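[1] Quick one, fold the following:
(chains A and B)
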Amino acid sequence: MDLKIAIPLFGTRISPRFDVSPEIQIITVENGKVVRNENFPVAHLTPTQRLDQLASNGVNQVICGGIDGFCFNQLGNKGIEVIHNVAGEAGEVLNLFFKGALRPGFCCNGKRGRGFCGWPRGLRGKGNRNGQRNM
Amino acid sequence: MKIGKPDRFFHVILNSIADGVFTTDNEGKITFINKAGQEITGFLNEEAIGRYCFDIFRADICQTRCALKETLNTKKEITNLPVTILNKEGRKVPISISTAVLKDERGQVIGGVETFRDLSAIEELKKELAEKYTLGDIISKNHLMHDIFNILPDVAESDSTVLLQGASGTGKELFAKAIHHLSRRKTKPFIKVNCGALPDTLLESELFGYLKGAFTDAKKDKPGRFALANGGTLFLDEVGDMSPSLQVKLLRVLQEKEYEPLGSASPRKTDVRIIAATNKDLSRLMEEGKFREDLFYRLHVVKIELPLLSQRKEDLPLLIDSFIKKLNAKMGKQITGVSDQALRLLLQYDYPGNVRELENILEHAFVLCRGNLIDQDCLPKELTGDQTGIVPSSPADDKNPLEQAEAKVIEQALKKFGGDRTKAANELDIGRTTLWRKMKKYRLA
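    Just a heads-up that it's a prediction; the model follows:
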C-alpha cells in the first residue's frame, strides 16, 4: 500500500509538539518500500499552515508527539490517520511503525532491555491502544 | 540531598504544594516530579521519570529556548516566565515557570529544577476582562474610550453621518469599521477613501466614477467609491484635506443623496452612510475659510473625539499583549511578553504617533528580538536614547526616584560643560570629590 507519512521532528527525535516543531519529515512509501525521504523547515508556519502543508503534500499518516485537540480533529477531517503522544528517535519509531507495533502513547527510548522500545515503566498494557481520543 | 533518591521529608513537602515541580539530571531527563506537576502535565510519575523533560513538559519554548538549559548554561535563575504547555490530553495549559540550578554538597551541578504554576484560572479571568474591554478590534479600559464604546452601538444604528476627530494613529479607521459592523449595513461593503492622498481631479473620479469618453483614455465606465459602497459605508479619511471644489460636490451628495459621475448628464441616487475622519481641527479650518461651513455642519451630526494614547496609558499593557499576539501570528514567532525594564520604558514614552507608533515600536522589537521576551535592547532609540545611563540594565536600575533625578541632573550638568567636572561641580554647588563619588555611584564616569 502506498503511504505518505509525516513526522514532526526535533533534531532526530519526534518533536514533543506537533504545532511548534522546527522541522517536518515526509516519508513516501510505495509498494512497501521507502522511495523518498524529505525534511521541511516549518518553524515559521502557524498550525493551520502546517495542516495545509500536510494536506497539499498528500500525507495520509502522521506520527507525532503531543498534538492539540484542534489539529488532531483537523487532521481527522482531512482523512489523515494520527498516532500521537509518541516519543523517541524518529528512525526507531518508524521501524516500529513498519512492523505494525506502534501505538499512541508509545515511548521509544532505545535503552529499555536490549534496545527494545516499549510502554513507559509500569504502564505496559494500560495505554489507549485503539488510537482514538476522547475530545 | 540526592536527586532520584529524595529523602522522605523532601518528598512529602514537594507533594503537598500546589505548584508543579520537576528536577532533571544534566542530560535533561526527569528525575523527580511532584504530585501537582503530574496533575498539571497529565503524566504520571511512572511515565515521566527517566524521560526527557521536553517529551513530558511539552512547552512551546522547549524546542527553541529551553529555560532549564539556559539556566544550566548561564547559572542564572529564570522567574515567572509565561509559557503554554500541552498536557497529556492535548489541551494547552498556560503556566508560568521558574528555573534554578541543582548542586550537590561539593557545589557540582547535578541538574536543574523547574517549578511551574497553572495560570488557567487567571487567564480565564483575563479573557473575561479583555472581552469587557474590547469593541470590535478596539481594546481599552480607559474611561474616555468607554464613554465612546457606550454610545457607539446607538451611533451605529442611527445611520447619521459621523465625524471622527483624532490625531494620527488614534484608530479612526478602526472606529469607522466598528461603527460599520455594528450597523444594519454590516453585510454591505465598507469602502475607504483617503482624501489627502490623491490629487483633486483623481479624487473626484475615484469618488464619483466616470463614464466612457468623459476624458481622454476613459475607455470604459468606471464606478466610483460611492457606487461601490452603495448600501454600505463610505469612510472618508483626512476629509480636512479636501479641496473647496470637491467639498461642494460632497455637500451635494450629503444633502441630496445623489451625485453625478464625470461625463454623466444625469445624477445618480446613492444610499451610503458617510463616516468622515480628520486629524485636523475642522472648526479652526472653517474659521480660516479653508473648510466650508455648511459641509462642516453636515458632517458634524455626530462627532466622536478620540483620545491620544498618552491620555490612556492604562491601556498600554492590554495593547502590548494584543499586538504581541497579532505579531506572533504574522511573523511566526513565539514571543511571550516584554521584560519589566522594557515595559517601564514603554510606559514612560509619550507616543506622539499614538497606537500606530506603539505597533511599529513592537514590530521593530519583534525583528530584533532573539529570545522569547522583548527586552529593552530590542526597543528603538527614541525610547532608550535620552535615558542612557539612567535606566540601563545595571544595578543603577534599582535607584529610587530621588536618586534617578539626581543622576539625571548630574548627567545634564556634565553634558553642559562638555564633561568638565570642576565646572559641573560649581554649577551644582557641590565639591568636586562629591561629584566624583556620585558619578561613580550612578555609573556616569
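[2] Now do residue 33: how many residues are near it, please.
    As the question left the chain open, I've gone with chain A. Using other Cβ atoms under 10 Å in any protein chain shown, A:Lys33 has 7 other residues around it. To be clear about C-beta, it is placed using only N, CA and C from the backbone, and glycine gets the same treatment.
[3] try again with chain B
    B:Ile33 is surrounded by 27 other residues when neighbours are defined as other Cβ under 10 Å.
[4] Helix, strand or coil: sort out the residue lying closest to it once chain neighbours are set aside for me.
    In space, and not counting its chain neighbours, B:Ile33 is closest to B:Phe22: 4.2 Å by Cβ to Cβ, 6 or more residues apart in numbering or on different chains. The three-state label given to B:Phe22 by DSSP: H, G, I helix; E, B strand; the rest coil is strand.
[5] wait, isn't B:Phe22 in contact with B:Glu114?
    Yes - under the criterion of Cβ atoms under 8 Å, B:Phe22 makes contact with B:Glu114 at 5.7 Å.
[6] Mutual contacts of these two, please.
    Residues touching both B:Phe22 and B:Glu114 (Cβ atoms under 8 Å, 6 or more residues apart in numbering or on different chains) are B:Cys53, B:Phe57.
[7] List the contacts of the residue nearest to B:Ile33.
    Contacts of B:Phe22 by Cβ under 8 Å, 6+ apart are B:Ile30, B:Phe32, B:Ile33, B:Asn34, B:Gly37, B:Ala48, B:Cys53, B:Ile56, B:Phe57, B:Val113, B:Glu114.
[8] what does B:Ile97 give?
    By Cβ under 8 Å, 6+ apart, the residues touching B:Ile97 are B:Ala59, B:Ala67, B:Ile78, B:Asn80, B:Leu81, B:Val83, B:Glu114, B:Thr115, B:Phe116.
[9] rerun at 7 Å
    Each residue near B:Ile97 by Cβ atoms under 7 Å, 6 or more residues apart in numbering or on different chains is listed here: B:Ala67, B:Leu81, B:Val83, B:Glu114, B:Phe116.
[10] Which single one of those is nearest to chain A?
    In terms of Cβ to the nearest Cβ, no member of the contacts of B:Ile97 lies closer to chain A than B:Val83, at 10.9 Å.
[11] burial measure for that closest one, as a count.
    Using other Cβ under 10 Å, B:Val83 is surrounded by 21 other residues.
[12] residue boundaries of the strands in chain A?
    Assigned by DSSP state E, chain A shows strands spanning A:3-10, A:13-14, A:23-30, A:33-41, A:61-63, A:81-83, A:87-88, A:107-112, A:116-118.
[13] Out of those, indicate the one that is most buried.
    Compared across the strands of chain A, strand A:13-14 shows the largest average neighbour count, a mean of 25 (mean count of other Cβ atoms under 10 Å in any protein chain shown).
[14] could you say what helices and strands it packs with?
    Counting contacts by 3 or more Cβ pairs under 7 Å, 6 or more residues apart in numbering or on different chains; DSSP states H and E, strand A:13-14 is packed against strand A:87-88, helix A:90-99.
[15] Of all the ones you listed, which one comes closest to B:Ser183?
    Nearest of the helices and strands packed on strand A:13-14 to B:Ser183, taken as Cβ to Cβ: strand A:87-88 at 53.1 Å.
[16] near chain B at all, that closest one?
    Yes - using Cβ under 7 Å from any Cβ of the partner chain, strand A:87-88 reaches chain B at A:Ala87.
[17] quick one: pLDDT of the residue nearest to B:Ile33?
    You'll see B:Phe22 listed with a pLDDT of 95.
[18] Disregarding flanking residues, what is the spatial nearest neighbour of residue 96?
    Just going to use chain A. A:Leu102 (4.5 Å).
[19] please go with chain B instead
    Using Cβ to Cβ, 6+ apart, the closest residue to B:Ser96 is B:Asn80 (4.6 Å).
[20] out of the contacts of B:Phe22, who has the most neighbours?
    Highest neighbour count within those, by other Cβ under 10 Å: B:Phe57, with 33 neighbours.
[21] ok, it - contacts?
    Neighbours of B:Phe57 in contact, by Cβ under 7 Å, 6+ apart: B:Thr41, B:Ile85.
[22] at 6 Å what do you get?
    By Cβ atoms under 6 Å, 6 or more residues apart in numbering or on different chains, the contact set of B:Phe57 is B:Ile85.
[23] now chain A, which segments are flagged as low pLDDT?
    Scanning chain A for pLDDT under 70 picks out the ranges A:1, A:109-135.
[24] what's across from the most centrally placed residue in it in the sheet?
    Residue closest to the average C-alpha location in chain A (Cα atoms, centre = their mean): A:Ile63, at 1.1 Å. Note on A:Ile63: beta-bridge partners by DSSP bridges are A:Ile83.
[25] what about stretch A:49-59, distance to the chain center?
    Taking Cα atoms, centre = their mean, to the nearest Å, the mean C-alpha location of stretch A:49-59 is offset from the chain mean by 14 Å.
[26] residues in contact with residue 40?
    Since no chain was named, I'll use chain A. So A:Phe40 contacts A:Ile24 (Cβ under 6 Å, 6+ apart).
[27] you looked at the wrong chain, it should be chain B
    With Cβ under 6 Å, 6+ apart, B:Ile40 has these contacts: B:Gly20, B:Asp118.
[28] what's the average pLDDT for the helix or strand hosting it?
    Per DSSP states H and E, B:Ile40 falls inside helix B:35-41. On average, the pLDDT along helix B:35-41 is 95.
[29] Pull out the buried residues from it.
    Of the residues in helix B:35-41, B:Lys35, B:Ala36, B:Gly37, B:Gln38, B:Ile40, B:Thr41 count as buried by neighbour count, 16 or more other Cβ atoms under 10 Å in any protein chain shown.
[30] can you check stretch B:41-52 too?
    B:Thr41, B:Gly42, B:Phe43, B:Leu44, B:Glu47, B:Ala48, B:Ile49, B:Gly50, B:Arg51, B:Tyr52.
[31] One more: stretch B:104-122?
    B:Ile110, B:Gly111, B:Gly112, B:Val113, B:Glu114, B:Thr115, B:Phe116, B:Arg117, B:Asp118, B:Leu119.
[32] Just put those residues in JSON lines and tack on pLDDT.
    Listed next are these as JSON lines, based on pLDDT from 0 to 100:
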{"residue": "B:Ile110", "pLDDT": "92"}
{"residue": "B:Gly111", "pLDDT": "93"}
{"residue": "B:Gly112", "pLDDT": "94"}
{"residue": "B:Val113", "pLDDT": "95"}
{"residue": "B:Glu114", "pLDDT": "95"}
{"residue": "B:Thr115", "pLDDT": "95"}
{"residue": "B:Phe116", "pLDDT": "95"}
{"residue": "B:Arg117", "pLDDT": "94"}
{"residue": "B:Asp118", "pLDDT": "93"}
{"residue": "B:Leu119", "pLDDT": "90"}
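[33] among those, which two are most distant?
    Among the buried residues of stretch B:104-122, B:Ile110 and B:Leu119 lie farthest apart (Cβ to Cβ), at 29.4 Å.
[34] And the buried residues of helix B:35-41, which is closest to B:Asp104?
    B:Gly37 (22.2 Å).
[35] Go ahead and confirm the closest one touches B:Asp19.
    No - the pair B:Gly37 / B:Asp19 is not scored as a contact, 8.2 Å apart, by Cβ atoms under 6 Å.
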